[in-house]
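J.: Fold the following.
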Amino acid sequence: MTGIIFDDIGSYPLPDGVTKEWINNAFSTRSDDKELFSIINNSFQQKIDAGVHVPTYPQYQDMNEQFLSIINNPDCAEEPFKVREDCARILELEAIEAVAAKYRQEHGKKLDIRICITGPLELYLREFGGTDYSDILNLLAVSVNRFVKNSMKSANNFNIKTVSIDEPSIGINPQVMFDDSDLINALATASQSASKHGADVEIHLHSPLHYKLACDTPTISVIGVESAASPSYLDLVDRKVLEDSDSFLRVGIARTDIFNLAAVLNEKYNTNVWKEPARLLEIVTGMETPEVITKRLENAYSMFGDRIKYAGPDCGLGAWPSQEIAARLLNNVACGIAGFEK
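T.: Okay, here's the model as predicted:
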């Protein structure tokens, strides 16, 4: 028994009949928290029911605006780009207290969850693009840390086991102008509270090209690699580097690139499967099956052994066509990990 932890990245399809426009308005105006919280709770419960060990609240907000709208609010600023701690709240965590309380009552223990925070570099790039004002990067890192600190302090019915710093631009975006030392300092600041409170700090990268940045950041312990769609990404990671820095991997073992998966079916059936939703089910019944997922995990484990701590889908499922098919994929991952553990 290896004890690999199954987590998910966060984003999830909206329920039928709910539009992005409605959900964006509900978040920005807080005009119908009862309905909004119900949608968040129902989606979060689906992740729990699918067998995710450490689920992330469903992410229905823009990953940058969720934080920048608060950081840039003059009423919430201690100084420019430095958010007041009392304002640094993740609304979704307030919403899921209801599901977490139910879980605690039924299981006699608190639910372990994962939170996803947009990293300081990603927020900086959204605001400033290809410049290198390291003082502002550090202020954003302090703000990110305050969101984490406040979240951990406010949690009642759940444990924040995993804090993911989402930095998809590292290794991909040519606009990144900062020195490695600036990035390491910012990442260390952003994840300071999470590490101090004993959470696993995970960095979510879309490319592992510069994974050593995370290994050199003392507060980051887990590096996410989207290795289901791109198995060669694992070849970029050196097990010895992980061992020397006491770092672990979160490996992607289920593909989430829904448009590429659908394109395979389009070619197979010479049709547009988006107009025939029933055919899209083949993604979870014939393509991303538990057996395929188990084999991917076996391959990763043969390379990295106990340096693998987490596994799950490559990325979020927000673009998937329905909650039903997304939940089926999550359940396939749970079954795939269980098959591997046996």
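
J.: Which parts of the stretch 51-200 of the chain are strands?
T.: Counting by DSSP state E, counting those that start in this stretch, the stretch 51-200 of the chain has strands at residues 77-79, 82-83, 111-118, 158-166, 200-204.

J.: I'd like those as CSV, with distance to Gly3 and mean pLDDT appended.
T.: In short, each C-beta sits where N, CA and C put it, glycine included. Compiled in CSV, those are given as follows (distance: least, CB to CB, whole Å; pLDDT from 0 to 100):
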stretch, distance to Gly3, mean pLDDT
strand 77-79, 41, 96
strand 82-83, 36, 98
strand 111-118, 13, 97
strand 158-166, 13, 97
strand 200-204, 13, 97
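
J.: Export the ones you listed to TSV and append columns for mean neighbour count and distance to Ala186.
T.: Shown next, in TSV, are the strands of the stretch 51-200 of the chain (neighbours: other CB atoms under 10 Å; distance: least, CB to CB, whole Å):
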stretch	mean neighbour count	distance to Ala186
strand 77-79	13	17
strand 82-83	22	13
strand 111-118	23	13
strand 158-166	24	10
strand 200-204	25	12
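
J.: Could you dump those into a markdown table with distance to Leu137 added?
T.: As requested, these are exported to a markdown table (distance: least, CB to CB, whole Å):
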| stretch | distance to Leu137 |
| --- | --- |
| strand 77-79 | 15 |
| strand 82-83 | 12 |
| strand 111-118 | 13 |
| strand 158-166 | 13 |
| strand 200-204 | 16 |
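
J.: does Gly10 really touch Gly316, like I thought?
T.: Yes. Contact between Gly10 and Gly316 holds when scored by CB atoms under 8 Å: they sit 5.2 Å apart.

J.: what touches both of these two?
T.: Residues touching both Gly10 and Gly316 (CB atoms under 8 Å, 6 or more residues apart in numbering): Gln59.

J.: Buried ones in the helix or strand of the chain with the lowest mean pLDDT, by neighbour count?
T.: Across the helices and strands of the chain, mean pLDDT, DSSP states H and E gives its lowest value to helix 277-280, namely a mean of 91. Using 16 or more other CB atoms under 10 Å as the test for burial, helix 277-280 gives 279-280.

J.: Name the next helix or strand downstream of that helix, please.
T.: Next helix or strand after helix 277-280 toward the C-terminus (DSSP states H and E): helix 282.

J.: any idea of the mean pLDDT in that following helix?
T.: Helix 282 shows a mean pLDDT of 97.

J.: check contacts around Ala77.
T.: Contacts of Ala77 by CB under 8 Å, 6+ apart are 71, 83-84.

J.: Kindly reformat the residues you listed as TSV containing distance to Ser181.
T.: As requested, the contacts of Ala77 are arranged in TSV below (distance: CB to CB, whole Å):
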residue	distance to Ser181
Ile71	24
Val83	24
Arg84	28
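
J.: which one of these sits closest to Asn260?
T.: In terms of CB to CB, no member of the contacts of Ala77 lies closer to Asn260 than Ile71, at 34.2 Å.

J.: Many thanks, have a good one.
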